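Visitor: Give me a model of this one.
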Amino acid sequence: MTPQALLDRLVALFPDFRAYWDDSGNCFRDDDGSYTLHGVFSEFTQFFRERHAALPGDRIAALGAFVSECMAAADDGPFDNAAATCFVENVAGEPSDRELSPHLTGEARRYWQAWGGRARPDAADRGGR
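Guide: Numbers count the residues shown, from 1 in each chain. All right, here's what the predicted structure looks like:
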């Protein structure tokens with residue numbers, strides 16, 4: 001997947017992300033307008049952190065499925081790495097992961113758990129679920 005395709009996919013799920021991405025404060029776009037997979041996921045992390053509580057549940061479910069799909073590849077390529085290190089790792093253990101985590105599967109779920117993800121504030125007392 002190209003960085004543009006990733007951006008398009010996230011904007012399709014969360015149309016308000018377009019304005020967030022286009023903001024002049026976005027430090028993940030180079031001066032020439034280019035950007036990377038890692039940059040898209042990094043900027044999306046901030047968007048998700050700030051707005052997770054107001055985002056539609058069906059869109060968060062679709063995001064979880066998409067991130068799980070991104071990380072399902074066995075080759076550990078740049079797309080998998082970007083999803084893991086610039087999104088899942090960044091939200092694991094934060095309040096925003098409570099909406100996302102029930103929708104993560106496979107490697108994405110394992111990675112989330114390894115980085116301290118927990119679905120409820122008291123999850124550590126119940127084996128990390």
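Visitor: Could you pull out the buried residues of stretch 108-117?
Guide: Along stretch 108-117, these residues count as buried under the neighbour rule (16 or more other Cβ atoms under 10 Å): 108-109, 111-113, 115, 117. In short, each C-beta sits where N, CA and C put it, glycine included.
Visitor: Tell me which residues are up against it.
Guide: Taking contacts as Cβ atoms under 8 Å, 6 or more residues apart in numbering, the residues outside stretch 108-117 that touch it are 64, 67-68, 70-72, 83-84, 88-89, 91-93, 97, 101, 104, 128.
Visitor: Next, format the buried residues of stretch 108-117 as a markdown table and append secondary structure.
Guide: Formatted as a markdown table, the buried residues of stretch 108-117 follow (DSSP: H, G, I helix; E, B strand; the rest coil):
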| residue | secondary structure |
| --- | --- |
| Ala108 | helix |
| Arg109 | helix |
| Tyr111 | helix |
| Trp112 | helix |
| Gln113 | helix |
| Trp115 | coil |
| Gly117 | coil |
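Visitor: Tell me if I'm right that Lys84 and Ala72 touch.
Guide: No, residue 84 isn't Lys; it's Ala. No. Taking contacts as Cβ atoms under 8 Å, Ala84 lies outside contact range of Ala72: 11.4 Å.
Visitor: Who has more neighbours out of these two?
Guide: Residue environment comparison for Ala84 versus Ala72 gives the larger neighbour count to Ala84, 22 against 13, counting by other Cβ atoms under 10 Å.
Visitor: tell me the contacts of that one?
Guide: When contacts are counted by Cβ under 8 Å, 6+ apart, Ala84 is found next to 71, 108, 111.
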